[in-house]
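Trainee: test case, fold it:
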Amino acid sequence: MDITLNFATISSGKTFELPESSSIIDAAELAGITLPHSCKNGRCNTCKCKITGPTKTLFDELGLSKHEKAMGWKLACARYATGNISLDILDLSDLNLARPKLLPTKIHSLEIMSKNVLKVKLRLSQKNNFEFIEGQHIDLIGPKGIRRSYSLASYCNSHLLELHVRRLDGGQMSNYLFGDAKVGDLLRIKGPYGTFTLRNTIGRNLAFLATGTGIAPFKAMLERISRLPESDRPKSISVFWGGRNLDELYWDPRSVLPDVNFIPVLSQPKDDWAGAQGYAQDVMIKNYTKIENLLVYACGSERMIHSAEKQWKDNNFDLTNFFTDAFVTSGIERGVV
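Mentor: Residues are numbered from 1 along each chain as shown. This is a model prediction of the structure:
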């Protein structure tokens, strides 16, 4: 019986084989090629691309709007090829991402950061070397196999990891961590995952946009930048962080880098609030009359990210300089449980 092999070609010119019924993202990884990705379940749209050639869906592309679908966008994590294809997508192989590992870990500390946010520090064994790039996330595996994804909130210290966990009604992992968890509890992690990382920021203007615990990967990035020599740092850094009230903004980026331009934005402020009001993405776009030499990173709710992307696109911003990581609600929830 003859077996027909299908191949994919990406924008960089690289070609890789497409195993039958394997997602395009997984096939690329198998070939040692890294494409933009995060959730891998069709929700976050990090792997959004244009595909020429026959494909079928493995599951619903929920991360795409009706308009995006009508414009021909597809998700590389949610599709497999039925013939040879070409993809208009970034090649991120030069990131040299570490392969995910399954490792045991213990709770090192638990600290309340606000009414509904808990800082969880995990300690790995000295014999387990765990490398990641700031901005990536892990899966935390708790009692009875509960599994949730969280962004890493500290720079790469291979034996101590920091997570920011939001309390959610009915959230199994958050109920455990806010309730029964104690220092010394044995858990497991798997990771690192994702391509939401800093790229070529030297001398650039850098803007971070976050809602809720979407600030976590930016804390890690800022800690990494603070350890760089001045010559290797961005020209400027601005942080736009949105929440309903001041209690939800539980950390100050200037504690890591004092010269950061920090703009907290409240959608339901008290009468005595003198700062920015409304939605963080709206405030951000109004602050940039010039968009040259600018890199924008957005992390948080799907609604915020879709809104921000549309606004930047409407302002003729080059979206290859717009990087996103959407927290999604699904079987494995990102940083929100």
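Trainee: when you work out contacts or count neighbours from here on, use the C-alpha atoms and nothing else.
Mentor: OK.
Trainee: which element is the closest residue to Leu90 other than its chain neighbours on?
Mentor: Spatial nearest neighbour of Leu90, chain neighbours left out: Leu35 (6.3 Å); criterion: CA to CA, 6 or more residues apart in numbering. Using DSSP states H and E, Leu35 falls within no helix or strand.
Trainee: isn't Leu35 right next to Ile24, touching?
Mentor: No - using CA atoms under 8 Å, Leu35 is not in contact with Ile24, being 9.3 Å away.
Trainee: of these two, who's got more company?
Mentor: Ile24 (27 against 23; other CA atoms under 10 Å).
Trainee: and the more buried one, how far from Gly53?
Mentor: 12 Å (CA to CA, to the nearest Å).
Trainee: what of Gly63?
Mentor: The value you get for Gly63 to Gly53, if CA to CA is used, is 21 Å.
Trainee: so which of the two has more stuff around it?
Mentor: Gly63 (22 against 13).
Trainee: just how off-centre is the longest strand seen in the chain within its chain?
Mentor: If you go by DSSP state E, the chain has its longest strand at strand 101-114. Its chain's C-alpha centre and that of strand 101-114 lie 19 Å apart, by CA atoms, centre = their mean, to the nearest Å.
Trainee: what pairs with it, parallel or antiparallel?
Mentor: Partner strands for strand 101-114, per DSSP bridges, with pairing direction: strand 117-123 (antiparallel), strand 186-193 (antiparallel).
Trainee: out of the ones you listed, which comes closest to Gln281?
Mentor: strand 117-123 (22.0 Å; CA to CA).
Trainee: circling back: overlap in contacts of Ile24 and Gly53?
Mentor: Ala81 (CA atoms under 8 Å, 6 or more residues apart in numbering).
Trainee: which stretches of the stretch 101-250 of the chain form strands?
Mentor: 101-114, 117-123, 137-141, 147-151, 160-166, 186-193, 205-211, 236-243 (DSSP state E, counting those that start in this stretch).
Trainee: and among those strands, the most buried is which?
Mentor: strand 147-151 (a mean of 25; mean count of other CA atoms under 10 Å).
Trainee: gap between Val239 and Met221?
Mentor: For Val239, the distance to Met221 - CA to CA - is 12 Å.
Trainee: which helix in this structure has the most residues?
Mentor: helix 302-314 (DSSP state H).
Trainee: what sits up against that helix?
Mentor: 44, 211, 281-282, 285, 298-299, 319, 322, 324, 326-328.
Trainee: out of those, list just those in strands.
Mentor: Thr211, Ala298, Cys299, Phe322, Thr324, Ala326, Phe327.
Trainee: Trp73 is in contact with Cys49, isn't it?
Mentor: Yes - Trp73 is within contact range of Cys49, at 5.6 Å (criterion: CA under 8 Å).
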